[in-house]
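Peer 1: Dropping the sequence and predicted coords here.
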There are 2 protein chains.
Amino acid sequence: MAFEFRVLHQQGKARTGRLATPHGEVPTPLFMPVGTQATVKGLSNRELVEIGSRIVLANTYHLLLRPGPERVARLGGLHGFTGYDGPWLTDSGGFQVMSLGHRRVISEEGVAFSSHLNGDRILLTPERSIAVQEQLGADIVMAFDECPPFPSERAYLKRSLERTLRWLERSLAAKTRSDQALFGITQGGVEPDLRRTSTLETIRFDLPGYAIGGLAVGEPKEAMVPVVDLSTDLLPADRPRYLMGVGHPEDLVAGVALGVDLFDCVYPTRTGRFGYALVDEGRLNLGSARHKDDPAPIDAACDCYTCRNHSRAYLTHLVRTEELLGLRLLSLHNLRYLHRLMERARAAIEAGTYGDFARGFAERRWPEGAPGWFADALVRAGVW
Amino acid sequence: MAFEFRVLHQQGKARTGRLATPHGEVPTPLFMPVGTQATVKGLSNRELVEIGSRIVLANTYHLLLRPGPERVARLGGLHGFTGYDGPWLTDSGGFQVMSLGHRRVISEEGVAFSSHLNGDRILLTPERSIAVQEQLGADIVMAFDECPPFPSERAYLKRSLERTLRWLERSLAAKTRSDQALFGITQGGVEPDLRRTSTLETIRFDLPGYAIGGLAVGEPKEAMVPVVDLSTDLLPADRPRYLMGVGHPEDLVAGVALGVDLFDCVYPTRTGRFGYALVDEGRLNLGSARHKDDPAPIDAACDCYTCRNHSRAYLTHLVRTEELLGLRLLSLHNLRYLHRLMERARAAIEAGTYGDFARGFAERRWPEGAPGWFADALVRAGVW
């Protein structure tokens, strides 16, 4: 099979690797942009390639509603439909069903919900999720899981992680395509023993990759770090680890330290549409008047189209006049920023200098001192 | 001076030419995209260059309000501020003052109005319009004119064209930069004798170019054709002629026949944002369900990024899900369509086959027969 993962370098828990998929090899650690409705908001395929996007995510929930998976399949799957010919990953729909679906009823069979668009009653089960993901045709597909909100009762967390394991078994049984890799998702909230159980039970399925689910749902970062640390301790070293929904720069730097290989988040494009540009120091608010006369680019060290061609002054003008080009240029820069952050992380791991890299990042991000959770992550990772 | 115009080929009244500006030579006839707020909505500079845009327009009224002409001047004029280094053209603000300004008071001095953004009271005069346009730094600037709505009383049309002539004189007197070409604008509505007077009086100023103003404001096309015909008869053959605000494909084909060299309009980008794609046959509504399963591009003969990479089905998905990429891809195609239409027109004039080209266009556009105004334009132009 065309799916293969190799760890190349290791420093403490941090590692670089190479993931082969039917649509190409990609380096890890890697940030994956989110193309919710089969388009990364505002960006063209050409731009995605140019800024170094290597795997693009699409949401099963959204595509199930529009344009419908049968249509996507007829038009060549996500690759043919969108024209983006690199690797794709689809989520299972489990998360969006919880966050977007109306009048949810969760049962052992699956989740019944009403479409947020037209109220249509839809039942998503492990079997249906896999069938839809097979029609969408991504290189990596996700098992159907139940993602509890934060905070949740311990009893519910336990029930739902057990159900997620049964749904994983059904997801695997439903799978028919051999050219798609199915990743399992661990749950258990931020309860260490539940997370441990979920992880140990999930890896018994000997899957080509594993996702750490149920985080980045509102829990404090102090609680997230030990759970990620525990998870990467238990997950097999020779399989890629995907921390779902995580995309703030500092979370990526900490996550990589702890041995995570893959990330995704709408943050870079969403904050771009709100007028913010990501830099090591944090975010520039280009909607504010303070950049109106600044001829400098967002970041002189950035090689993206936006930074090579446009000033903060012009970007501020575009944001304040609500011009489409502003959304585009900031989304482009922000994604390039995260891709470049991962390139820098990979180079540091290869050079055995990840600790320096992470400390340097922290000094720019928090001149008054890094927060405890960040230092904790680096210490746990053995790179402090 | 760096500004020069040469007619290269002529067929009937139609002609091709070459216009030299301080920021490059451009071929005519030419469609100029509108970058209202110093950005062609949704498109990057790189895309403008790739699709064959050669002169970009910006609106003095909008830039006067935001970000302010002093700021644009400090940041290198339109070229430096936007990073678009080809030729720019700015209008005088006269048209937008009438269409967007609130509580307008027109006097001999100029037009007092309230900003549509914050109500600030602003006085735009010929002197102020030229000063602002000098700060913006376009290659071609327009004299401040009064653009009457359609229909207007004959007495008002007469008074306003006379005032426009006095304002032209004041615009010229106010001009200090030698690296900008000032075009005069003729008025007179669709009254042939008034238009004749306006044109004859305007050309006495011996300007580097002339615009036919006050059209495309709601008058029937049957009334527009004779006025354009009359205008190009009277305008000097060795100066470029710019038909302001005109941009429907059929109007360009008729306008070129009648000897017009330059056009501008928001139509291609605006109709793109509404989900329409321009083709010789008219417009495709990509928001409609009929293209949901169509794997064909908008136009197999089109060489734009959109047509080379995306199906009608995918574009329909983007339009129906209100994705930013849809607006971009359709605006890009529509502008490329008009640029390509002008390339085809230039090639036909050079080959002496403009009549065939225009008739072929009409047969695809109106299979049941071209409207009278279109045939009238071709007959008057001597290419039928």
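Peer 2: Received it, and whenever you're ready, just let me know what you need.
Peer 1: So the worst-scoring helix or strand of chain A on mean pLDDT, near chain B or not?
Peer 2: Lowest mean confidence among the helices and strands of chain A (mean pLDDT, DSSP states H and E): helix A:94-99, at a mean of 86. No - taking CB under 8 Å from any CB of the partner chain as the criterion, helix A:94-99 and chain B are apart, separated by no less than 14.3 Å. To be clear about C-beta, it is placed using only N, CA and C from the backbone, and glycine gets the same treatment.
Peer 1: Which positions in stretch A:160-173 come out as buried?
Peer 2: Buried positions in stretch A:160-173, judged by neighbour count with 16 or more other CB atoms under 10 Å in any protein chain shown: A:160-165, A:167-168, A:170-171.
Peer 1: Need the residues that contact it.
Peer 2: Residues from elsewhere that reach stretch A:160-173 (CB atoms under 8 Å, 6 or more residues apart in numbering or on different chains): A:92, A:108, A:110, A:125-127, A:129-130, A:143-146, A:148, A:152, A:182, A:184-188, A:194, A:197-198, A:201-202, A:205.
Peer 1: what about burial for those residues, which qualify?
Peer 2: A:92, A:110, A:125-127, A:129-130, A:143-146, A:148, A:152, A:182, A:184-188, A:194, A:197-198, A:201-202.
Peer 1: Out of these, list just those in helices.
Peer 2: Here DSSP state H is the test, and the buried ones among the contacts of stretch A:160-173 give A:126-127, A:129-130, A:194, A:197-198, A:201-202 as lying in helices.
Peer 1: Could you single out the nearest of the residues you listed to residue B:98?
Peer 2: When these are ranked by distance to residue B:98 (CB to CB), residue A:129 comes first, at 57.5 Å.
Peer 1: Distance of that closest one relative to chain B?
Peer 2: Distance, residue A:129 to chain B, by CB to the nearest CB, to the nearest Å: 21 Å.
Peer 1: got the contact list for that residue?
Peer 2: Counting by CB under 8 Å, 6+ apart, residue A:129 has contacts A:60, A:92-94, A:144, A:171.
Peer 1: Equivalent analysis for residue A:339, please.
Peer 2: By CB under 8 Å, 6+ apart, the neighbours of residue A:339 are A:31, A:51-53.
Peer 1: So which of the residues you listed is surrounded by the most neighbours?
Peer 2: residue A:31 (27 neighbours; other CB atoms under 10 Å in any protein chain shown).
Peer 1: Residues in a beta bridge with that one, which ones?
Peer 2: Residues in a beta bridge with residue A:31, per DSSP bridges, are residue A:263.
Peer 1: For residue A:303, the count of nearby residues, please.
Peer 2: Neighbour tally, residue A:303, other CB under 10 Å: 12.
Peer 1: Check whether it really touches residue A:343, as I assumed.
Peer 2: No - counting by CB atoms under 8 Å, residue A:303 stays clear of residue A:343, with 10.3 Å between them.
Peer 1: Quick check, pLDDT for residue A:380.
Peer 2: We note a pLDDT of 97 for residue A:380 in this prediction.
Peer 1: Just the C-alpha atoms of the helix or strand harbouring it, please, in PDB.
Peer 2: Following DSSP states H and E, one finds residue A:380 within helix A:372-381. Only the C-alpha atoms of helix A:372-381 are listed here, as PDB (Å, rounded to 0.1, in the frame of the first residue of the first chain):
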ATOM      1  CA  GLY A 372       3.900  27.800  32.700                       C
ATOM      2  CA  TRP A 373       2.100  25.400  30.400                       C
ATOM      3  CA  PHE A 374       4.600  26.200  27.600                       C
ATOM      4  CA  ALA A 375       7.700  25.600  29.800                       C
ATOM      5  CA  ASP A 376       6.000  22.500  31.100                       C
ATOM      6  CA  ALA A 377       5.600  21.100  27.600                       C
ATOM      7  CA  LEU A 378       9.300  21.700  26.800                       C
ATOM      8  CA  VAL A 379      10.500  20.200  30.100                       C
ATOM      9  CA  ARG A 380       8.300  17.100  29.600                       C
ATOM     10  CA  ALA A 381       9.600  16.900  26.000                       C
END
